[in-house]
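S.K.: Based on what follows, work out the 3D shape:
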Amino acid sequence: MNNRWRSLALAVLLSVAAAAAAPSTAQEAPPAPAAAPAAPVAWSSLSPDQQRLLSRFGGEWNTLPPARQQALARGSERWIGMTPAQRDQARERFTRWHSLPPEQRQALRSRWQRFQALPPAEKDTVRQNFHRFQQLPPERRQILREQWRNATPAQRQQMIEHARERHPMQRGMPRPPPPPPHR
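M.R.: A predicted model of the protein is given here:
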């Protein structure tokens, strides 16, 4: 891997680690449960590919906090397991991420943390809705985005409630009975 790609890969890994370690200022997010302190990762326990990818940290590895060591080790493992196309996509996302203003990055981190705090069934619902949205024609997605952006908070709440009524099974609720037939 040449130095340009190594630097970019490292930057992606650092971005992932920073995003994972960033504190949340969102008030909606529930407090994280107390976790056991992170265990240090021995440099010698990393594969040769991981050591090569993280070589910039080799000399200071033992001084890094254990949580940072774990994040870098996981990130390097993911990077190594990616196909060239996946790495290209990761580089593009990294470039887009860094072009965002800090406030927008923080908002995205907060949303991600709120998503991670959801129960598994709700995460599945969010994923299903996202995939359904992605399958809409681009024009329809744009219209929906504009409607959402231009809506007041009360209108947004109505949109959410309307969507829940249209897809109650996603919320684990039984479908309402059908209306009586017209005579």
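S.K.: For Ala163, I want the exact helix or strand it lies within.
M.R.: Here Ala163 sits within helix 153-166, counting by DSSP states H and E.
S.K.: which secondary structure elements does that helix contact?
M.R.: Packing partners of helix 153-166 (3 or more CB pairs under 8 Å, 6 or more residues apart in numbering; DSSP states H and E): helix 138-150. In short, each C-beta sits where N, CA and C put it, glycine included.
S.K.: now the angle between helix 153-166 and the helix it packs on, please.
M.R.: Angle between the axes of helix 138-150 and helix 153-166 is 130 degrees (criterion: axes from the mean of the first three to the mean of the last three CA atoms, to 10 degrees).
S.K.: How about helix 138-150, which residues are buried there?
M.R.: Within helix 138-150, no residue qualifies as buried by neighbour count (16 or more other CB atoms under 10 Å).
S.K.: One more: stretch 120-140?
M.R.: Thr125.
S.K.: now stretch 77-93
M.R.: For stretch 77-93, the neighbour count (16+ other CB under 10 Å) marks 79, 87, 90 as buried.
S.K.: my guess is the first one meets Arg91, correct?
M.R.: The one in question is Trp79. No - taking CB atoms under 8 Å as the definition, Trp79 is not a contact partner of Arg91, at 10.6 Å.
S.K.: Which residue lies nearest the spatial centre of this protein?
M.R.: Nearest residue to the geometric centre of the chain (CA atoms, centre = their mean): Trp112, 5.0 Å.
S.K.: Now the buried residues of stretch 77-93 in a markdown table, please, with extra columns for pLDDT, distance to Phe130 and secondary structure.
M.R.: Shown next, in a markdown table, are these (pLDDT from 0 to 100; distance: CB to CB, whole Å; DSSP: H, G, I helix; E, B strand; the rest coil):
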| residue | pLDDT | distance to Phe130 | secondary structure |
| --- | --- | --- | --- |
| Trp79 | 95 | 24 | helix |
| Arg87 | 95 | 23 | helix |
| Ala90 | 94 | 19 | helix |
